[in-house]
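Novice: got a sequence here, can you model it:
(chains A and B)
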Amino acid sequence: MKLSFTLNGTPFHVDADPGAPLVDVIRGLGLTGTKEACGVGVCGVCTVLVNDLPVSSCLLLAGCADGAEVRTVEGLAREDPDVVRAFTEQEGMQCGICTPGQVVAAAALAREHRGAAVTDEQLRAHQSGNLCRCTGYQTIAAAVRTYLASR
Amino acid sequence: MSRNDGWAKASGATRYVADVTLPGLLHVALVRSPLPHARILRIDTGQAAAAAGVAGVFTAGDVNPATYGRSVRDVPILARGVVRFAGERVAAVVAESRQAAEAAAMLVDADYGELPAVVSACEALAPDAPAVHDAPWEYPGAAVRPADGRNVQSRVSHGSLADVEEALRRSEHVVERVYTTRSGHQGYLEPQACIAAVPPGTAPGAAGDPIRVWATNKSPYRMRAQVAECLGLDPAAIEVQPIALGGDFGGKGSPMDVPLCVELSRLTGRPVKLVLRYDEELTATNPRHPARVRVRAGCDGDGRLTAMAVSALFDGGAYGGFKPAVTVNLHGVEACLAAYSVPAVAIESVVAYTNTVPRGHMRSPGAPQMAFAVESALDELAIAAALDPVQLRHRNLVRTGEPNSGGHVWVEARGTETLDAAVAAAENGLDTPDAPAAPPGWHQGTGVAVYAREAPGRWGTSVRLVPVAGGPAADGTGAGGTAASGRIRLELPMPETGTGSHTVARNRLAAELGIEPERIDVVQVSTGELPPDAGVGGSRVTLGLANTVTRAAQAWRERTGDDQIVEAGPPDQQAAPIVSYCAQAARVAVDPGTGQVKVLEIVSAVDVGEVVNPLAHQMQIDGGTVMGYGFACLEDLAEEDGQVRAASLGEFKIASMGDVPRLRTVLVRGGKGVTPAGVKPIGELANVPTAAAIANAVAAAVGCRIRDLPITAEKVFWSLHEPDSRPVAAERSEAR
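Specialist: Numbering: from 1, shown residues only, chains lettered A, B, ... in the order given. Below is the predicted model of the structure:
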């Protein structure tokens, strides 16, 4: 099937199996910043924005993204470098595999709250969909807080 | 001075094995055994081989019959005649795409003749148990002999049981308890992956281009040797490529699927790539050993330990080849009483073969299981002797100059200071406004546990400093000549697994040379570049890199020309015996109605020397503590009839941000670390005592002792409401 969607602001028309997970289509286009881990929508590693909402791209069928606006970590790094800067400054990472998903989730949180204050409890609940085995989460929470404060 | 890889990782630019692609790359999917123990009667690959996009379907007869392993070489590349665990590789499908390979793998039709299986370590040692391997002592590198009996991977013992028996007979108080822990996956979020590219037209090992390998492996030089040994190659014929790793925690030390992928590349004449699905990770890689640990401990009326006997039985799974020690055992066992001075000790550790997933290393292998048992037993002994558990530990922690229970005398022993720091911080934290409160009606309790870890005596690695056009002045001031624009390339033999080791090396070099860290480029080089290296593991990376970089910096300062390359290798001498301690105090709240446990706070006191990178150091403590919390309360790689049932991260639960209790750390500074950099190990410290601290806190809160991890609401509920298993709770209610 011919699939049309906007990826990081650029229109794409690609031949894709509509039943393939979106993560395969994105990575197949060479955007390997979006990683895959659990494959069942639990870990958040493959999080992308679809129409500004955070989505596990391992679960979303590519056909469902037809006509959608998709943003990956590569696009956010260009459009909204503050989020990448915050994770870099606070060292909100170790191995880095979950980091693109954490960054996208943080961007989604900021979009959802549009400048309104976010409590620590809200932050923790929101970011709980993105697992990290390395850090113990303290620096990730600090990075998200720093990013929200920068907006 | 933030991480050298921070921006690349946060912007998605860092490349991992799964992100690498090559011209002509083929993709691999595996067919795995559905049964824990069976004869392979027939494998029909015809339909799969004829499927669209399939380049080939291969079984044991197609690949090298040699076995591989990190020490004992008992792992077949593909199952040959018999499968020994559910999840074992039976056939490999190679195709133009991953989807085509996976679809064709479904078409491989295998018939099995089921054999009786042993699915637990206890069963495995029964005299009439089915044999997992007919003659395990015949494998190269085996640590057992026929006299060891059936289904034994290894058997290690220290001390004298007779001395312990004698001392226990004369002890005022004695406890004897059995503690059990479950399997758990290391939980790195980058699945194991491998790419192998055998140069076409050349037999492996022939002179010419090397076989290139990209793999999720933290010890490239060792892995190269293990693969070469299996396939009968010269190690130099394999070049392991530098690549970032998405976490390790001990699970990425083996060759895993590399020997298979090299064979598949040879057979197809094209490069091949295998990326495991996470269900394969959880069911068929090398998770943590489940343990059954029996502790007998005695003390006198003042709480001085008289004797301890610790006997551990580990489920090693179907193969021992994922453990690197020549004993094929777990070093955390031998060190389980290291923190204490005990007059009579006897330690025994048996690892059994079973028809379950092969077990490997996980962050301080063996130690979390042993510390849970020993540190829980010390609390039980304290209760029996009507002593405060902190006091009991105080009386027995080894002091500087004294030999510990293993006869080791350390440069310094700061166990009591570290324990005191944890206890004081836990008490002081109770009144702060942000102190987490227990829900109304829940009971609170605090528990402590201590872990001592010896620094590795040998920590050598090799680094190379390469000036990049117009490098800094030879005096290292950075002020001379064209130094302003100059850079140094710091070449390392080990991958960045995530800990920040490359940043540690960079910062240490910058500090030694007095230049900005930004002027140093840290580069992992391929195995063709530097002398053989042990890789990442054993809490030696910061020691190795910091110390080797320090010596390289000295050579750099002494070099005679600006364009000179300098190298530093391992030191000649073994390091002085250095130890570091972590003492943790956990505060929990328990709902007496439902048994639910909420861990409110974990305070970690850590005995440190010089800290090279404070934030990276802190993250080892935080990440370790959260892993310890998961081991204590969440993680159970549950099995049923030998098959891992928790086959997704929805069932094998690792802690999320919302699960994490409040964490506080006290660094007990001023310790004497390993010279010249003066550092103490940190990576495998804070995850070890956590489970016992939490179990001890639960016992303090509601009087029930959970001796089986993880500590779930169900276990606490039944322990509270089943009269036979609540002696302390019963005493309490009688007292009321």
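Novice: which residue is nearest the centroid of chain A?
Specialist: In chain A, the residue lying closest to the centroid (Cα atoms, centre = their mean) is A:Val104, at 2.8 Å.
Novice: find the helix or strand that that residue is a member of.
Specialist: Per DSSP states H and E: A:Val104 is located in helix A:99-113.
Novice: what comes up buried for that helix?
Specialist: A:99-110 (16 or more other Cβ atoms under 10 Å in any protein chain shown). The C-beta positions use only the backbone N, C-alpha and C, and glycine is treated the same way.
Novice: surely B:Arg487 touches B:Pro517?
Specialist: No. Contact criterion Cβ atoms under 8 Å: B:Arg487 and B:Pro517 do not qualify, at 11.2 Å.
Novice: circling back: which one of the buried residues of helix A:99-113 is nearest B:Asp641?
Specialist: Nearest to B:Asp641 among the buried residues of helix A:99-113: A:Gly101, at 34.9 Å, using Cβ to Cβ.
Novice: skipping adjacent residues, who's closest to that closest one in space?
Specialist: Distances taken as Cβ to Cβ, 6 or more residues apart in numbering or on different chains place A:Thr47 nearest to A:Gly101, at 4.0 Å, with adjacent residues excluded.
Novice: what does A:Asp52 give?
Specialist: Nearest residue to A:Asp52, sequence neighbours excluded (Cβ to Cβ, 6+ apart): A:Arg111, at 5.2 Å.
Novice: from chain B, how far out is the one you found?
Specialist: When Cβ to the nearest Cβ, to the nearest Å is the yardstick, A:Arg111 and chain B sit 18 Å from each other.
Novice: and A:Val70, by the same measure?
Specialist: For A:Val70, the distance to chain B - Cβ to the nearest Cβ - is 14 Å.
Novice: hmm, back to that, and the buried residues of helix A:99-113 as JSON lines, adding pLDDT?
Specialist: As requested, the buried residues of helix A:99-113 are exported to JSON lines (pLDDT from 0 to 100):
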{"residue": "A:Thr99", "pLDDT": "98"}
{"residue": "A:Pro100", "pLDDT": "98"}
{"residue": "A:Gly101", "pLDDT": "98"}
{"residue": "A:Gln102", "pLDDT": "98"}
{"residue": "A:Val103", "pLDDT": "98"}
{"residue": "A:Val104", "pLDDT": "98"}
{"residue": "A:Ala105", "pLDDT": "98"}
{"residue": "A:Ala106", "pLDDT": "98"}
{"residue": "A:Ala107", "pLDDT": "98"}
{"residue": "A:Ala108", "pLDDT": "98"}
{"residue": "A:Leu109", "pLDDT": "98"}
{"residue": "A:Ala110", "pLDDT": "97"}
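Novice: quick check, nearest of those residues to B:Arg224?
Specialist: A:Thr99 (29.0 Å).
Novice: which residues touch the closest one?
Specialist: A:87, A:92-93, B:9-10 (Cβ atoms under 8 Å, 6 or more residues apart in numbering or on different chains).
Novice: go with 6 Å
Specialist: Counting by Cβ atoms under 6 Å, 6 or more residues apart in numbering or on different chains, A:Thr99 touches A:93, B:9-10.
Novice: swap in B:Asp636?
Specialist: Neighbours of B:Asp636 in contact, by Cβ under 6 Å, 6+ apart: B:182, B:710.
Novice: doesn't it lie inside a helix?
Specialist: No. Per DSSP: H, G, I helix; E, B strand; the rest coil, B:Asp636 lies outside any helix segment and is coil.
Novice: quick check: the gap between B:Trp572 and chain A.
Specialist: Slight slip there: residue B:572 is Asp, not Trp. In terms of Cβ to the nearest Cβ, B:Asp572 sits 33 Å off from chain A.
Novice: which parts of chain A sit against chain B?
Specialist: Residues of chain A found near chain B (Cβ under 6 Å from any Cβ of the partner chain) are A:32-33, A:37-40, A:42-43, A:45, A:73-74, A:77, A:84, A:87-88, A:91, A:93-100, A:103, A:124-125, A:127-128, A:131, A:133-138.
Novice: mind listing the helices for chain A?
Specialist: A:22-28, A:73-79, A:81-89, A:99-113, A:120-127, A:138-150 (DSSP state H).
Novice: what's B:Gln444 sitting at in phi/psi?
Specialist: Note on B:Gln444: its backbone torsions stand at phi -110, psi 150 [degrees, to the nearest 10].
Novice: quick one: B:Asp521 is in a strand?
Specialist: Yes. Under three-state DSSP, B:Asp521 sits within a strand.
Novice: check contacts around it.
Specialist: Here B:Asp521 is in contact with B:Arg489 (criterion: Cβ under 6 Å, 6+ apart).
Novice: do you know how far it is from A:Val48?
Specialist: 31 Å (Cβ to Cβ, to the nearest Å).
Novice: and if you look at B:Gly6?
Specialist: 21 Å.
Novice: what does the stretch 451-600 of chain B put close to chain A?
Specialist: So the stretch 451-600 of chain B meets chain A at B:Gly498 (Cβ under 6 Å from any Cβ).
Novice: can you do 7 Å?
Specialist: B:497-500 (Cβ under 7 Å from any Cβ of the partner chain).
Novice: pLDDT weak spots in chain A?
Specialist: Within chain A, not a single segment meets pLDDT under 70.
Novice: point me to the residue of it nearest chain B.
Specialist: Nearest residue of chain A to chain B: A:Gly33, at 2.0 Å (Cβ to the nearest Cβ).
Novice: that residue touches B:Gly12, doesn't it?
Specialist: Yes. Using Cβ atoms under 7 Å, A:Gly33 is in contact with B:Gly12, at 2.0 Å.
Novice: mind listing what the closest residue to A:Glu89 other than its chain neighbours touches?
Specialist: In this structure, A:Glu89 finds its nearest non-sequential neighbour in B:Ser2, 6.1 Å apart by Cβ to Cβ, 6+ apart. Shown in contact with B:Ser2 (Cβ atoms under 7 Å, 6 or more residues apart in numbering or on different chains): A:88-89, A:91.
Novice: and the gap between B:Ser2 and B:Asp248?
Specialist: 22 Å.
Novice: by proximity to chain A, which residue of the stretch 1-150 of chain B wins?
Specialist: B:Gly12 (2.0 Å).
Novice: what residues does that residue make contact with?
Specialist: A:33-34, A:72-74, A:77, A:100.
Novice: give me that answer again for 8 Å
Specialist: A:31-34, A:72-74, A:77, A:100, A:103.
Novice: kindly report the same for B:Val597.
Specialist: Taking Cβ under 8 Å, 6+ apart, one finds B:588-591, B:633, B:694, B:698, B:711, B:713, B:716 in contact with B:Val597.
Novice: in TSV: those residues, plus pLDDT.
Specialist: As requested, those are exported to TSV (pLDDT from 0 to 100):
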residue	pLDDT
B:Val588	98
B:Ala589	98
B:Val590	98
B:Asp591	98
B:Cys633	98
B:Ile694	98
B:Val698	98
B:Ile711	98
B:Ala713	97
B:Val716	97
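Novice: which one of the residues you listed sits closest to B:Ser656?
Specialist: Of the contacts of B:Val597, the one sitting nearest to B:Ser656 (Cβ to Cβ) turns out to be B:Cys633, at 12.6 Å.
Novice: surely the closest one meets B:Gln596?
Specialist: No. Contact between B:Cys633 and B:Gln596 fails when scored by Cβ under 8 Å: they sit 10.6 Å apart.
Novice: what about stretch B:65-81, start to end distance?
Specialist: 11 Å (Cα to Cα, to the nearest Å).
Novice: I'd like to know which of the contacts of A:Thr99 are buried.
Specialist: Burial by neighbour count, judged by 16+ other Cβ under 10 Å, picks out A:93, B:9-10 from these.
Novice: tell me the confidence at B:Gly481?
Specialist: B:Gly481 is assigned 39 on the pLDDT scale.
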